[in-house]
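Sharing a sequence plus its predicted fold:
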Amino acid sequence: MLSTTSSTLKTQKKALRKAVSSVLRSLGSAYIREQSSAVAAKVLSLSSFRQCKSVSCYLNMPMGELDTSSIVKEILSSGKTLFVPKIDVGTEGKMDFLQVYDQEDLQLLPAGMWGIREPGMEYNGVKRTNALEPPSELDMILVPGVAFDRSMARLGHGKGYYDRYITSYIATGRPRPLLVTFFACIVALALREQLMDNATSTNYLVPMGEHDWKMDIIVTPDEVLHVER
Ligand SMILES: Nc1nc2c(c(=O)[nH]1)N(C=O)[C@@H](CNc1ccc(C(=O)N[C@@H](CCC(=O)O)C(=O)O)cc1)CN2
Ligand SMILES: Nc1ncnc2c1ncn2[C@@H]1O[C@H](COP(=O)(O)OP(=O)(O)OP(=O)(O)O)[C@@H](O)[C@H]1O
């Protein structure tokens with residue numbers, strides 16, 4: 001949306017984030033569990049997921065996100081390489097994806113900011129593999145998000161971590177990983193209602209800026225949205 005100034009964009013994103021976050025926070029844990037297992041089953045059966053060798057998956061926050069634990073477990077038990085996000089507190093908006101080696105390693109990860117479990121830089125005294133540093137490669141990134149729309153636009157938590165990461169990864173000359181995100185469907189429904197309330201001249205439900213990357217696959221408990229690349 002070239003006509004959208006960055007401050008309007010920020011305001012629109014903030015409003016949408018606030019509205020959806022409050023819906024997310026109001027969802028009961030049984031409901032989240034149900035939606036999570038429906039979404040996980042769909043993710044695990046994607047042929048792109050089954051074929052990929054190296055995946056980044058986020059470890060969900062205690063509230064307001066789908067539970068990724070069964071996906072993470074499957075990544076490890078099927079012998080794929082698992083990377084998880086670690087915020088770089090020293091650099092604004094920067095995050096790394098560090099390798100988590102096995103179930104025991106995973107279980108011992110301590111919770112950091114926002115209750116998100118994160119690896120330390122080292123494991124058993126050895127520096128963890130960093131997905132940004134060749135020869136590491138990422139085939140797929142499972143991206144967290146607050147809202148999405150049918151144009152495959154995604155709204156995150158507003159710090160730009162994932163958009164920046166994807167840009168830096170591609171800058172190293174490696175092929176762009178497949179970007180997959182998933183949501184509880186009630187959020188999509190809530191958003192559609194919102195779109196009608198706020199309908200303006202824009203076709204985008206989620207406002208997009210120049211830095212924002214579109215997703216390749218969006219999974220909800222009811223459907224899988226795909227785009228061809
Ligand atoms: N599970 C998980 N891990 C992740 C992310 C994520 O979205 N989910 N991230 C994805 O980038 C990075 C962390 N980024 C985050 C950025 C902001 C907030 C957050 O809650 N911020 C606001 C509240 C905004 C909201 O209501 O949405 C705050 O500061 O209180 C959380 C994580 C890396 N790891
Ligand atoms: N590749 C980038 N380079 C520089 N700044 C960026 C980049 N991507 C995003 N930003 C900046 O980061 C801030 C937050 O971006 P945005 O609102 O799109 O985050 P988000 O996608 O909702 O969050 P996240 O990616 O953390 O889940 C904005 O000010 C944006 O301009």
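Now that the structure is in, tell me what you want to look at. Since we're looking at a predicted model, the values are computed, not measured. Numbers count the residues shown, from 1 in each chain. Ligands and ions are numbered 1, 2, ... in the order given.

per-residue pLDDT, the closest residue in space to residue 150 that isn't next to it in sequence?
Nearest residue to residue 150 in three dimensions, chain neighbours excluded: residue 225, at 6.7 Å (Cβ to Cβ, 6 or more residues apart in numbering). All C-beta atoms are positioned from the backbone trio N, CA, C, and that covers glycine. Looking at residue 225, its pLDDT stands at 90.

most centrally placed residue in the chain?
residue 143 (1.6 Å; Cα atoms, centre = their mean).

Quick check: bridge partners of that one?
residue 181 (DSSP bridges).

could you point out where this protein is predicted with low confidence?
Of all residues in the chain, those with pLDDT under 70 make up the ranges 1-4, 185-204, 228-229.

For it, just list every one of the helices.
6-26, 29-45, 47-51, 69-77, 103-107, 161-171, 185-198 (DSSP state H).

closest to residue 90 out of these?
Comparing these against residue 90 with Cβ to Cβ, the closest turns out to be helix 161-171 (14.0 Å).

what does this protein have sitting close to ligand 1?
With Cβ under 6 Å from any ligand atom as the criterion, the chain meets ligand 1 at residues 17, 21, 58-61, 65, 85, 87, 95, 114, 116, 144, 146, 156-159, 161-162.

Give me the distance between the residue lying farthest from the centre of the chain and residue 136.
Distance from the centre of the chain peaks at residue 125, with 29.0 Å (Cα atoms, centre = their mean). With the distance defined as Cβ to Cβ, to the nearest Å, residue 125 ends up 20 Å from residue 136.

again with residue 142
On the measure of Cβ to Cβ, residue 142 and residue 136 end up 17 Å apart.

Compare those two and say which is more crowded by neighbours.
residue 142 (23 against 17; other Cβ atoms under 10 Å).

Might one say that that one is in contact with residue 55?
Yes - counting by Cβ atoms under 8 Å, residue 55 is a contact partner of residue 142 at 6.6 Å.

burial measure for the nearest residue to residue 24 once chain neighbours are set aside, as a count.
The shortest distance from residue 24 to any non-neighbouring residue, by Cβ to Cβ, 6+ apart, is to residue 64 (3.9 Å). A count of neighbours around residue 64, defined by other Cβ under 10 Å, yields 20.

wait, residue 64 sits on residue 22?
No - counting by Cβ under 8 Å, residue 64 does not reach residue 22; the two are 9.4 Å apart.

need the residues of this protein near ligand 2, please.
13, 93, 155-164, 167, 209, 211-212.

got the contact list for stretch 147-158?
13-14, 16-17, 20, 143-146, 162-163, 181, 183, 187-188, 191, 195, 203-208, 212-216, 218, 225, 227 (Cβ atoms under 8 Å, 6 or more residues apart in numbering).

make that stretch 94-112, sorry
By Cβ under 8 Å, 6+ apart, the residues outside stretch 94-112 that reach it are 56, 59, 72-73, 76-77, 81-88, 117-121, 123, 128-132, 136, 138, 141, 161-162, 164-165.
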